[in-house]
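>>> structure for this input, please:
(2 chains)
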There are 2 protein chains.
Amino acid sequence: MIYLDNAATTMRKPSCVVEAVAKALTSLGNASRGAHEGALNSNRLLYRTRGKLAKLFGCPGSEQVIFTNNSTEALNIALSGTLKAGDHVITTALEHNSVLRPLYRLNREGGVALSIVPADSRGCIDYSEIEKRIVPSTREIVCTHASNLTGNLLDIDRIGAIARVHGLLFILDASQTAGAVPIDMAASGISLLCFTGHKSMMGPQGTGGLCINGDIDVEPLKVGGTGVQSYLEEQPREYPTRLEAGTLNGHGVAGLSAAVDFINATGIDVIHAHESALARRFYEGVVRLPGVRVYGDFSSRDRCPIVALNVGDVDSALVCDALARDYGIATRAGAHCAPLMHRALGTEAQGAVRFSFGYFNTMEETDAAIEAVREIAGR
Amino acid sequence: MIYLDNAATTMRKPSCVVEAVAKALTSLGNASRGAHEGALNSNRLLYRTRGKLAKLFGCPGSEQVIFTNNSTEALNIALSGTLKAGDHVITTALEHNSVLRPLYRLNREGGVALSIVPADSRGCIDYSEIEKRIVPSTREIVCTHASNLTGNLLDIDRIGAIARVHGLLFILDASQTAGAVPIDMAASGISLLCFTGHKSMMGPQGTGGLCINGDIDVEPLKVGGTGVQSYLEEQPREYPTRLEAGTLNGHGVAGLSAAVDFINATGIDVIHAHESALARRFYEGVVRLPGVRVYGDFSSRDRCPIVALNVGDVDSALVCDALARDYGIATRAGAHCAPLMHRALGTEAQGAVRFSFGYFNTMEETDAAIEAVREIAGR
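This is a model prediction of the structure:
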């Protein structure tokens, strides 16, 4: 199988990730829950990994790195934990349902006002539209770093600057970019960064996190045991304990930690350059094929390694199935949990076939995918 | 190291668990997010594992098995998802903070009334005290299956019968018993069962679940992407999707699935008998030692394999440290996230040293632990 569904999850993990998880499964105790070697091993692992992640994302303070089981959980915590009745929040049409559904719910049930900056037919937003929507009750801007459908990157420095000028929180959904595109929370003015471990971080599923830049109050979504301050009726107020109830996924974090080591040893710029080159090659190979329509803005070289397309009016699921069945190429059709993006592109009914590239993909695989699209489009 | 902290987490996992996770890390895609082999493998794994868990716990309907990342998350969902302002809930003094803190919060912020059935100095409750607390607004009873401090089991058939007679929901925290003590939700009248994968289930951290017995409305704690019904602004209402937002921990579930296979192949009765025999042997070996005080009710043979004790007035942490340092025995001192239980036992200041046995422990290890306690008590 040629796996080109890396935006859903990276199926191939670095071997050090597999080894780290396997080792952890025979040696880790429960962090903060004992003073013996097993528990201390777990404590040390979590502490070290928080430090690595803080460094990777430019988050001041490793105790401000919260482990979650995915990006969706981090986003739910970030949004529910900072917005209250009467607040107003601004987002974009590029968002995944992991941003939209929490916001819709806060809007419907929590008295939070919501503005959505529209996207044009290439999936781009007009940044001045963000500023136009700011009102006195605006509390924060939340957006994705990259559309999971088109691969367009948002200019987070620009959005961070808008947030800074207006005294707003800036919450970034880095699900598609963490580990594959350089991110510096401090430099870009990102208040809260939400990431998942199993996509471009190349770590295990069941990992992810929320990084908190500075003195920001985020209320917990879940409360429970923490292994410390057990006689408090409330969740302890200190980070990271405040937002981490129950036993953490230490086995998964062991893999995530190894994945960060792999990323650092390889170089995030090298990873980004390789993936971008594959995606650009694929784009160039298919964009002029008769009947093929590619979505997104490819005028910028700086993109996420995703190319979404359709073949004529054919249902995207049929093309995706043909790719899998006839060519052994794994892609993803349908709505990609990005309803507003599909509406903006006019692909709500047809969906789109998404090709997403990862570090372990090769030029040969890319060329095979181009050839497959050429043949399917020629049928 | 002699690992006797299995109530915190089972450090040694069956080798099939390690192998299943390692294999998944190289072959799993993202469930419900694609139609290629990788994604389908993940779908099948999740579906099969739901079925195995439903069978293990006597839950009618595998689609009513929800994956969570631990028991705390399952309990937060179960409690926040069923209680609303004006409701009354009954719990016990045996509970872990994973039950108490969500209830305290609902009481403080959510307008939910809370009654706590007290425990005596052996850690036992008077079941008639549950019924005495039932009022017209009582919505549910929530309790642990076993104290994580004393190992006392609660009579869940009896509590289930009370709930049934009064038309209440019965929520069970099976964190200490799932996989090690037979549980039948249907027979015992358990409405919602919350379990973790990394303790007596012998699976990976980052796994657990909520099993829903019948037509019970549980509102989601987190919302987000589901891979299906992407154009709905709300989370889909069908289980399991309703309560599962974002990518599941497929790698962990692969290990949990193998762990259930191991439990079934070994026999849950065999596991329970072995662990009980070790705990009973340890209890008999230490209970009459001068200066040693054992907590809990050992009149019943049917217990969780936990023995908590203190040596004179010595701080439990010092005894725990001596066990680790001088004998290489891992136990757990302190409060065990069970504040009301410690208050009932009169051990709030001293804490207690908890020995908890697992399937991979041996008689020799147990005897070594007895000898270590004898020596420490004799100092």
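>>> going by C-alpha atoms from here, please, whenever you check contacts or count neighbours.
Will do.
>>> is stretch A:358-377 anywhere near chain B?
No - Stretch A:358-377 does not reach chain B (Cα under 8 Å from any Cα of the partner chain); its nearest approach is 12.3 Å.
>>> what is the mean pLDDT for that stretch?
Averaged over stretch A:358-377, pLDDT sits at 98.
>>> buried residues in that stretch?
Judged by neighbour count (16 or more other Cα atoms under 10 Å in any protein chain shown), stretch A:358-377 contains these buried residues: A:358-359, A:361-362, A:365-366, A:368-374, A:377.
>>> do stretch A:179-187 as well
A:179-181, A:183-185.
>>> for stretch A:221-228, measure first residue to last.
Terminal residues of stretch A:221-228 lie 18 Å apart, using Cα to Cα, to the nearest Å.
>>> give me the contacts around that stretch.
Stretch A:221-228 has contacts (Cα atoms under 8 Å, 6 or more residues apart in numbering or on different chains) with A:32-33, A:76-77, A:80-81, A:234-235, A:241, A:243-247, B:72-73, B:76, B:96-102, B:221, B:336-337.
>>> and these, which of them are buried?
Among the contacts of stretch A:221-228, those buried by neighbour count (16+ other Cα under 10 Å) are A:33, A:76-77, A:80, A:234-235, A:241, A:243-247, B:72-73, B:76, B:96-102, B:221, B:336-337.
>>> quick one: which of those sit in helices?
Among the buried ones among the contacts of stretch A:221-228, the subset assigned to helices under DSSP state H consists of A:76-77, A:80, B:72-73, B:76, B:97-102.
>>> which one of these is nearest to A:Glu284?
The shortest approach to A:Glu284 among those belongs to A:Asn76, at 37.7 Å (Cα to Cα).
>>> would you confirm that A:Cys337 contacts A:Leu94?
No - with contact defined as Cα atoms under 8 Å, A:Cys337 does not count as touching A:Leu94 (10.5 Å).
>>> buried sites along stretch A:335-342?
Neighbour counts over stretch A:335-342 (16+ other Cα under 10 Å) mark A:335-342 as buried.
>>> as TSV, the residues you listed with distance to B:Pro305 and pLDDT would be great.
Conversion of these to TSV gives the following (distance: Cα to Cα, whole Å; pLDDT from 0 to 100):
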residue	distance to B:Pro305	pLDDT
A:Ala335	49	90
A:His336	47	92
A:Cys337	46	94
A:Ala338	49	95
A:Pro339	51	96
A:Leu340	53	96
A:Met341	54	96
A:His342	55	96
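>>> which other residues reach the helix or strand of chain A with the lowest mean pLDDT?
Least confident helix or strand, chain A: helix A:37-57 with a mean of 93, by mean pLDDT, DSSP states H and E. For helix A:37-57, contacts defined as Cα under 8 Å, 6+ apart pick out A:27-34, A:59-66, A:179, A:182-185, A:211, A:250, A:253-254, A:256-257, A:260, B:11, B:330.
>>> partner strands of the helix or strand just after it and their direction?
Scanning forward in sequence from helix A:37-57 by DSSP states H and E, the next helix or strand is strand A:65-68. Counting by DSSP bridges, the strands paired with strand A:65-68 are strand A:208-212 (antiparallel).
>>> what's next to the helix or strand that the strand it pairs with is followed by, contact-wise?
The helix or strand immediately downstream of strand A:208-212 is helix A:250-266, counting by DSSP H and E. Where contact means Cα under 8 Å, 6+ apart, the residues beyond helix A:250-266 that reach it are A:14, A:16-21, A:24-25, A:28, A:30-31, A:42, A:45-46, A:49, A:52-53, A:179, A:197, A:201-207, A:271, B:204-206, B:252.
>>> A:Asp5 contacts A:His336, doesn't it?
No - between A:Asp5 and A:His336 there is no contact under Cα under 8 Å: 11.2 Å.
>>> that's a helix at A:Arg343, yeah?
Yes - per DSSP: H, G, I helix; E, B strand; the rest coil, A:Arg343 lies within a helix segment.
>>> for the residue nearest in space to the middle of chain A, which non-adjacent residue is closest in space?
Most central in chain A under Cα atoms, centre = their mean is A:Ser175, positioned 0.2 Å from the mean C-alpha point. Distances taken as Cα to Cα, 6 or more residues apart in numbering or on different chains place A:Phe195 nearest to A:Ser175, at 4.8 Å, with adjacent residues excluded.
>>> and that neighbour, what are its bridge partners?
Beta-bridge pairing of A:Phe195 under DSSP bridges involves A:Gly209.
>>> residues near it, how many?
31 (other Cα atoms under 10 Å in any protein chain shown).
>>> for it, give me its contacts.
So A:Phe195 contacts A:70-71, A:74, A:173-175, A:178, A:208-210 (Cα under 8 Å, 6+ apart).
>>> so how far is B:Leu172 from it?
32 Å.
>>> unless I'm mixing things up, the residue nearest to the centre of chain A is touching A:Cys194, no?
Yes - contact criterion Cα under 8 Å: A:Ser175 and A:Cys194 qualify, at 7.0 Å.
>>> excluding chain neighbours, what is closest to the residue in the stretch 1-150 of chain A that chain B sits nearest to?
Residue nearest to chain B within the stretch 1-150 of chain A (Cα to the nearest Cα): A:Ser98, separated by 3.8 Å. Among residues not flanking A:Ser98 along the chain, B:Gly224 sits closest, at 3.8 Å (Cα to Cα, 6+ apart).
>>> angles on the backbone of the one you found, please.
Main-chain dihedrals, B:Gly224, degrees, to the nearest 10: phi 160, psi -150.
>>> burial check on it, number of neighbours?
30.
>>> how much space separates it from A:Ile77?
In terms of Cα to Cα, B:Gly224 sits 12 Å off from A:Ile77.
>>> picking that back up, what's the farthest-apart pair in the buried residues of stretch A:335-342?
Spanning the widest gap among these are A:His336 and A:Leu340, at 10.6 Å by Cα to Cα.
>>> quick one: the strands in the stretch 51-200 of chain A?
For the stretch 51-200 of chain A, applying DSSP state E, counting those that start in this stretch gives strands covering A:65-68, A:88-92, A:113-117, A:138-144, A:169-173, A:192-196.
>>> to clarify, my last question referred to the stretch 251-379 of chain A.
For the stretch 251-379 of chain A, applying DSSP E, counting those that start in this stretch gives strands covering A:292-295, A:306-311, A:329-330, A:353-356.
>>> the second one packs against which elements?
Which is strand A:306-311. helix A:268-286, strand A:292-295, strand A:353-356 (3 or more Cα pairs under 8 Å, 6 or more residues apart in numbering or on different chains; DSSP states H and E).
>>> can you redo these as JSON lines with mean neighbour count and distance to B:Val117?
Shown next, in JSON lines, are the helices and strands packed on strand A:306-311 (neighbours: other Cα atoms under 10 Å in any protein chain shown; distance: least, Cα to Cα, whole Å):
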{"stretch": "helix A:268-286", "mean neighbour count": "20", "distance to B:Val117": "56"}
{"stretch": "strand A:292-295", "mean neighbour count": "20", "distance to B:Val117": "61"}
{"stretch": "strand A:353-356", "mean neighbour count": "29", "distance to B:Val117": "55"}
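>>> and these: which comes nearest A:Ile90?
Per Cα to Cα, nearest to A:Ile90 of the helices and strands packed on strand A:306-311: strand A:292-295, 24.5 Å.
>>> most packed of the strands of the stretch 51-200 of chain A?
Comparing these by mean neighbour count (mean count of other Cα atoms under 10 Å in any protein chain shown), strand A:192-196 ranks first with a mean of 30.
>>> re earlier: just the buried members of the contacts of helix A:37-57?
Here, 16+ other Cα under 10 Å leaves A:27-31, A:33-34, A:59-66, A:179, A:183-185, A:211, A:250, A:253-254, A:256-257, A:260, B:11, B:330 buried among those.
>>> which residues sit in contact with A:Ile66?
A:50, A:209-211, A:239-240, A:243-244.
>>> meant to ask about A:Tyr3, not that
A:11, A:329-331, A:361.
>>> and with 10 Å instead?
Neighbouring residues of A:Tyr3 by Cα atoms under 10 Å, 6 or more residues apart in numbering or on different chains: A:10-12, A:324, A:328-331, A:355-358, A:360-361, A:365, B:29, B:36-38.
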